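Asker: Next input, structure requested:
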Amino acid sequence: MNRGIKSSLCTTIIHQPALEASYLVGAGHYNAAHRVLLDDLMPRAVLADDLQSIAPLLERMNEAAQRHEVSGWESGGQALHHYLHVCDEILGLASCSDAAGVAARLEALRPRVAAAARALGALQPKSAAGRFARAEMGARLVQCTLAAGEAGARLAALLRALRLPPGTTHAAHSSISSLLAERAAESCSISSPNSPPAPQRAAAS
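Answerer: You can find the predicted model right below:
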């Protein structure tokens with residue numbers, strides 16, 4: 001290949017992370033592609049809520065990781081791979097009208113959410129954008145767990161596993177506290193019909 005054309009191609013790839021990562025995976029350079037995924041693609045895809053743009057790449061890299069060809073996958077791309085599947089399943093649940101089916105799918109989703117939380121706890125991005133993306137992923141996993149109706153102890157364990165930034169953790173704790181308070185209020189309102197009636201005030205003579 002002509003040196004000028006090759007140089008132009010390399011410059012184009014470098015300035016387009018998705019193309020660069022795809023090129024690296026096609027060439028079998030999985031570790032280099034993994035770095036591009038974490039440093040460039042993950043923040044953009046998560047913060048823009050555009051995970052589908054990297055879904056094919058994630059699947060190819062996960063397959064390579066299963067063949068032990070991606071170094072550090074367990075503390076890197078694996079979290080994003082789990083998160084992608086959690087989000088896909090939540091989107092599917094949104095269009096499901098069968099209450100029993102929703103409950104069953106939420107139950108089946110719990111192990112994947114737990115696996116995503118463990119993997120996300122090990123992910124420590126270097127860039128500010130990467131840390132923002134990680135916090136967003138963690139907050140959404142907490143929301144999924146709240147929606148599934150997990151017990152407070154499991155939610156606390158999830159927060160410990162995620163190791164979210166202090167501000168995010170405080171917000172999650174507030175959400176959990178609010179949810180528990182709402183459930184307690186609902187419980188009280190349900191039991192109120194069986195409570196003894198309040199004594200009647202004597203009529204004025």
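Asker: From now on I want contacts and neighbour counts done on CA atoms only, so please keep to that.
Answerer: OK.
Asker: Report the secondary structure element holding residue 124.
Answerer: Following DSSP states H and E, one finds residue 124 outside all helices and strands.
Asker: Could you report the neighbour count for the residue lying closest to it once chain neighbours are set aside?
Answerer: Among residues not flanking residue 124 along the chain, residue 131 sits closest, at 7.4 Å (CA to CA, 6 or more residues apart in numbering). By other CA atoms under 10 Å, 17 other residues sit near residue 131.
Asker: Okay, residue 131 and residue 75: tell me how far apart.
Answerer: Using CA to CA, to the nearest Å, residue 131 is found at 14 Å from residue 75.
Asker: go on, residue 103?
Answerer: 31 Å.
Asker: Have a look at these two and say which one is more surrounded.
Answerer: Applying other CA under 10 Å to residue 103 and residue 75 shows that residue 75 carries more neighbours, namely 16 against 13.
Asker: Surely that one touches residue 117?
Answerer: No - applying CA atoms under 8 Å as the test, residue 75 and residue 117 come out as separate, 11.3 Å apart.
Asker: Let me see the ranges of the helices in this protein.
Answerer: 3-14, 17-26, 30-36, 42-47, 55-66, 77-94, 99-122, 128-147, 152-162, 166-191 (DSSP state H).
Asker: worst-scoring helix or strand of this structure, pLDDT-wise?
Answerer: helix 3-14 (a mean of 47; mean pLDDT, DSSP states H and E).
Asker: Is there a neighbour count for residue 136? I'd like the number.
Answerer: Residue 136, neighbours per other CA under 10 Å, totals 17.
Asker: I should have written residue 48 there, sorry.
Answerer: As a burial measure, residue 48 scores 10 neighbours (other CA under 10 Å).
Asker: Relative to residue 68, how far out is it?
Answerer: Counting by CA to CA - residue 48 and residue 68 are separated by 30 Å.
Asker: now residue 123
Answerer: 18 Å.
Asker: Ok, residue 22 next?
Answerer: Distance from residue 22 to residue 68, by CA to CA: 19 Å.
Asker: which of those two has more neighbours?
Answerer: A count of neighbours by other CA under 10 Å puts residue 22 above the other of residue 22 and residue 68, at 22 against 11.
Asker: Identify the spatial nearest neighbour of the more buried one, chain neighbours not counted.
Answerer: Using CA to CA, 6+ apart, the closest residue to residue 22 is residue 57 (6.8 Å).
Asker: right, and the one you found touches residue 24 too?
Answerer: No - with contact defined as CA under 8 Å, residue 57 does not reach residue 24; the gap is 10.6 Å.
Asker: Residue ranges in the chain under the pLDDT threshold?
Answerer: Residue ranges of the chain with pLDDT under 70: 1-15, 93-95, 99, 144-205.
Asker: From what I see, residue 47 and residue 131 are in contact.
Answerer: No - counting by CA under 8 Å, residue 47 does not reach residue 131; the two are 10.7 Å apart.
Asker: Phi and psi next, for residue 69.
Answerer: phi -110, psi 0 (degrees, to the nearest 10).
Asker: and it, what is it in contact with?
Answerer: 30, 31 (CA atoms under 8 Å, 6 or more residues apart in numbering).
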